[in-house]
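Q: the following block contains a protein sequence and its predicted model.
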Amino acid sequence: MSGTVVITGANGSLALGFVESFLSKYRQYTLVATVRNPSPEKDPNTAKLLSMVTKYPEANFHLEALDLGNLANVRSFAEKLSTRIVSKELPHITAIVCNACTWSLESGQKFTLDNYETTFQVCHLSHYLLVLKLLGSMDTTSGRIVMLGSITHYADKPNPLSSLGPYFPDDFEELVKPMLDPPKIVHDRGFQRYATAKLANVTFANDLNKRLQTDPKLSHITATAMDPGGLPSSRAQAGQKKSGRVLMGTINLLMPVLKHCTTAFRTTEDAGRDLVSLSVDPAFRGKRGYYVGLKTDSAAPVSQDPGMQKKLWERCWRWAGLTPAETVLQNIL
């Protein structure tokens, strides 16, 4: 079996665990690894990725630039990739792994070139656009779309790192154009935006599954959302406030023992291995739904609400500026 696997944010902490596991076990596939900056001279994380890949000289590996903070760039990338697949330069897409994410905590609000809030666009909106644009290039017999969820997407589960949990505001425009953060809760507002973006990912996966299943040509493509567990060694932890960094640093030191006692925290290697399995392992062919690692779980109730799904979908369609001609999905609005 062969096909193309696309992963976004390929030089991130979890992604490095994914790439290592993927290249060691599934070299029959083509891996299109996207990063914002593909220059190893300018981005040490890209340099680390490319250094890892040198251990697998037989791998069919392609490093590609993709800026999720620029919707025009997402469009261009998807269209060029589709052209390469039509020309048979690359095989059809087996899986799209929507891994890339960002957050701005202590640093406050940030906005993309599209003038949308960065966390929501990078974590969710650009992936929404990317997936819908690439559906026509997927293996329609068993393609997989994998979104990244998180324990933070549950509004009813308190998080010690933030006083604020995820929520969809009454005015959905606040997702991309949030109100100014009160100075005393800048960090927690940033964490809330991240958690809400993860909630959007899970909501999208649930909604997309229903739409795919009613489309005769795409009904065998599946969508899942996976919580990889807390990753205390992730470089993203540097964005936490000091108490959060200390907590995650301590947990990371204890990981050799904790990994045998809990799945709440994971090493990037273990989480990356699970992400590979969910993306390409035959055991997960045809599977849908929400996963914590490789175990099925129940997603947050709001993510399963048809009205909320429809509202989010319609807003994302408009924010991304999509037209029906840009996707092969029939059940779009």
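A: In hand now; what should we look at? Residues are numbered from 1 along each chain as shown.

Q: could you use CA atoms for every contact and neighbour count after this?
A: Fine.

Q: next one: residue 284 from residue 291, what distance?
A: Applying Cα to Cα, to the nearest Å, the value for residue 284 to residue 291 is 11 Å.

Q: and for residue 57?
A: Residue 57 sits 33 Å away from residue 291, going by Cα to Cα.

Q: try residue 172
A: Distance, residue 172 to residue 291, using Cα to Cα: 27 Å.

Q: higher neighbour count, these two?
A: Taking other Cα atoms under 10 Å, residue 172 and residue 291 do not tie; residue 291 has more neighbours (20 against 14).

Q: enumerate every residue touching the closest residue to residue 154 other than its chain neighbours.
A: Setting aside the residues directly before and after it, residue 154 is nearest to residue 300 in space (Cα to Cα, 6 or more residues apart in numbering), at 5.4 Å. Residue 300 makes contact with 153-155, 199, according to Cα atoms under 8 Å, 6 or more residues apart in numbering.

Q: ranges for the strands of the stretch 151-300 of the chain?
A: 222-227, 289-292, 295-297 (DSSP state E, counting those that start in this stretch).

Q: which one of those strands lies closest to residue 93?
A: Residue 93 lies closest, by Cα to Cα, to one member of the strands of the stretch 151-300 of the chain: strand 222-227, at 12.6 Å.

Q: pull up the pairing partners for the closest one, direction included.
A: strand 144-148 (parallel), strand 289-292 (parallel) (DSSP bridges).

Q: so, low pLDDT: which residues of the stretch 201-333 of the chain?
A: Low-confidence segments of the stretch 201-333 of the chain (pLDDT under 70): 234, 237.

Q: at 90 instead, please
A: Applying pLDDT under 90 to the stretch 201-333 of the chain flags residues 229-267, 331-333.

Q: mind listing what the residue nearest to residue 101 when sequence neighbours are not counted touches?
A: What sits nearest to residue 101 in space, not counting adjacent residues and going by Cα to Cα, 6+ apart, is residue 123, at 4.6 Å. With contacts defined as Cα under 8 Å, 6+ apart, the neighbours of residue 123 are 100-102, 194, 197-198, 201.

Q: out of those residues, who has the most neighbours?
A: Among the contacts of residue 123, residue 197 has the most neighbours (other Cα under 10 Å), with 31 neighbours.

Q: surely it meets residue 120?
A: Yes: shown here, residue 197 and residue 120 form a contact pair, counting by Cα atoms under 8 Å, at 5.2 Å.

Q: how about the strands in the stretch 1-150 of the chain?
A: In the stretch 1-150 of the chain, strands defined by DSSP E, counting those that start in this stretch lie at 4-7, 30-35, 60-65, 93-98, 144-148, listed in chain order.

Q: same for the third one, what does it pack against?
A: With contacts defined as 3 or more Cα pairs under 8 Å, 6 or more residues apart in numbering; DSSP states H and E, strand 60-65 has these neighbours: strand 30-35.

Q: cool, and the shortest one?
A: Other helices and strands packing on strand 4-7, by 3+ Cα pairs under 8 Å, 6+ apart, are strand 30-35, strand 93-98.

Q: deepest of the ones you listed, which one?
A: Of all these, strand 93-98 has the most neighbours on average by mean count of other Cα atoms under 10 Å, namely a mean of 26.

Q: what's that strand in contact with?
A: 3-8, 127, 131, 137-139, 142-148, 279-280.

Q: the same query, at a cut-off of 6 Å, please.
A: Applying Cα atoms under 6 Å, 6 or more residues apart in numbering, the contact partners of strand 93-98 are 3-8, 138-139, 143-147.

Q: check stretch 227-247 too.
A: By Cα under 6 Å, 6+ apart, the residues outside stretch 227-247 that reach it are 13, 149-150, 248, 252, 264-266, 271, 292-293.

Q: check which residues of that stretch are buried.
A: For stretch 227-247, a neighbour-count test (16 or more other Cα atoms under 10 Å) marks 227-233, 236-237, 239-240, 244-245 as buried.

Q: how far off centre is that stretch?
A: Distance of stretch 227-247 from its chain centroid, counting by Cα atoms, centre = their mean, to the nearest Å, is 17 Å.

Q: now the helices: where do they sit in this protein?
A: Here the chain has its helices, by DSSP state H, at 13-25, 44-53, 71-86, 118-120, 126-134, 186-213, 242-258, 268-280, 306-320.

Q: turn those into JSON lines, columns for distance to residue 165.
A: Shown next, in JSON lines, are those (distance: least, Cα to Cα, whole Å):
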{"stretch": "helix 13-25", "distance to residue 165": "23"}
{"stretch": "helix 44-53", "distance to residue 165": "30"}
{"stretch": "helix 71-86", "distance to residue 165": "27"}
{"stretch": "helix 118-120", "distance to residue 165": "15"}
{"stretch": "helix 126-134", "distance to residue 165": "22"}
{"stretch": "helix 186-213", "distance to residue 165": "5"}
{"stretch": "helix 242-258", "distance to residue 165": "16"}
{"stretch": "helix 268-280", "distance to residue 165": "24"}
{"stretch": "helix 306-320", "distance to residue 165": "17"}
